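Q: Pasting a predicted model and its sequence here:
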Amino acid sequence: MPLDILAIESSCDETAAAVVRDGRQVLSNVINTQVAEHGKYGGVVPEIASRRHIENIVGVVDEALSAAGHTPDTVGAIAVTAAPGLIGALLVGVNYAKGLSLVSGKPLVPVHHLRGHVAANYLAHPDLAPPYLALVVSGGHSHIVEVLDYTGYRTIGQTRDDAAGEAFDKAARAMGLPYPGGVSIDKITPQGDPHAFELPTPHVSGSEYDFSFSGLKTAVVNLLHNAQQKGGTVPVPDLAASFAYKVVDILVNNTLRAAEDFHYRTIALAGGVSANSTLRKRMEEECAGRGIALYLPPLSLCGDNAAMIGAQAYYQLQAGYTADLSLNGAACMDIQAEFS
């Protein structure tokens with residue numbers, strides 16, 4: 001008998017709910033985004049995000065259930081993103097999910113946000129199964145992860161400072177491009193020369209799979225400031241293209257090095273930055289040349305959504321990972337950790 005799971009996602013600025021069947025089929029997927037509102041401030045304002053989640057969550061969940069032909073009493077379980085993320089935002093989703101679990105008597109399944117991003121690929125690729133290597137890149141995270149099985153992970157590389165998405169946003173802001181910066185840079189990149197500016201390639205000494213993007217972002221800011229002080233201007237499309245090229249070069253090189261060293265012939269991309277056209281194209285070219293199978297999430301599932309949480313929740317539930325009403329949100333949590 002199929003298992004339909006109601007999933008809730010509220011870790012940042014998207015209030016989302018979905019119903020997913022057996023971890024692979026999306027029955028409904030509803031997202032209420034706050035991008036336009038936060039764009040006025042150049043980034044996500046946590047207090048505003050939390051308030052909007054409170055206002056939107058009832059309607060979003062009801063819409064997702066209705067579209068799937070379900071009520072809280074007819075789904076098999078209630079899943080929710082419990083970590084990591086903005087703590088106020090997380091708590092809205094966690095507490096609403098706990099309430100639904102209490103009144104319906106359905107199991108409560110806590111899901112790690114990054115595990116959800118990885119699981120987005122299961123919704124588009126029925127043949128994808130562990131083990132494989134995943135590059136998880138978003139506004140707050142940049143990880144190279146071994147997906148050992150559906151609930152087992154090992155991090156072998158991660159950012160030491162800014163995440164890739166964060167670096168995109170900050171560099172875009174310095175260039176005068178609108179928020180979200182990663183999208184703005186991706187739109188303008190085709191108009192520029194990716195080799196116009198020679199930007200540095202940061203390395204983490206003794207940790208060849210780790211990332212560092214803070215210095216690269218600072219190099220862009222300094223370049224712009226120096227030009228301004230001299231009364232000159234910088235061609236933004238060229239700088240945006242050069243910055244995107246360098247970030248992607250670092251992400252791809254570290255991932256391919258890890259795949260070679262750890263003997264993986266399958267790689268999956270995940271997270272908001274996996275929508276970046278330069279990254280997708282470069283990974284496709286490099287993997288094809290090496291005979292590596294590459295899995296990319298559809299653009300609709302790259303950003304935060306609840307369908308990916310429902311996909312991962314299926315496997316968490318199969319493995320016996322449920323929570324009681326003492327479940328709390330956590331702003332920080334390693335992808336390898338389990339909810340206690």
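A: Everything's here; your move.
Q: V60 and S10 touch, don't they?
A: No - assessed by C-beta atoms under 8 Å, V60 is found out of contact with S10, at 9.1 Å. C-beta here means a position set from N, CA and C on the backbone, and glycine is covered the same way.
Q: And these two? Which one has more around it.
A: Taking other C-beta atoms under 10 Å, V60 and S10 do not tie; S10 has more neighbours (35 against 24).
Q: quick one on the thing from earlier: residues shared between the contacts of V60 and S10?
A: A16 (C-beta atoms under 8 Å, 6 or more residues apart in numbering).
Q: List the buried residues in stretch 100-109.
A: Burial within stretch 100-109, assessed by neighbour count using 16 or more other C-beta atoms under 10 Å, is assigned to L100, S101, S104, K106, P107, L108, V109.
Q: Farthest pair within those residues?
A: Spatially, the most separated pair among the buried residues of stretch 100-109 is S104 and V109, at 13.0 Å (C-beta to C-beta).
Q: now stretch 275-295, how far from the centre of its chain.
A: On the basis of C-alpha atoms, centre = their mean, to the nearest Å, stretch 275-295 sits 18 Å off its chain's mean C-alpha point.
Q: Outside of it itself, list whatever touches it.
A: With C-beta under 8 Å, 6+ apart as the test, stretch 275-295 has contacts from 121, 124-125, 128, 132, 135, 137, 182, 186, 189, 194, 244-245, 248-249, 251-252, 255-256, 259, 264-269, 273-274, 296, 299, 302-303.
Q: Strands - which of those land there?
A: In this view, these that belong to strands under DSSP state E are Y132, L135, V137, T266, I267, A268, L269.
Q: Quick check on those: which are buried?
A: So, by 16+ other C-beta under 10 Å, the buried ones in the ones in strands among the contacts of stretch 275-295 are Y132, L135, V137, T266, I267, A268, L269.
Q: Bridged to the last one, which residues?
A: In other words, L269. Assessed by DSSP bridges, L269 has beta-bridge partners L135.
Q: And the pLDDT at it?
A: You'll see L269 listed with a pLDDT of 98.
Q: could you say what helices and strands the longest helix belonging to the chain packs with?
A: Secondary structure assigned by DSSP state H gives helix 236-261 as the longest helix of the chain. Identification of packing neighbours for helix 236-261 by 3 or more C-beta pairs under 8 Å, 6 or more residues apart in numbering; DSSP states H and E yields strand 132-137, strand 142-149, strand 152-158, helix 164-174, helix 181-188, helix 214-229, helix 277-290.
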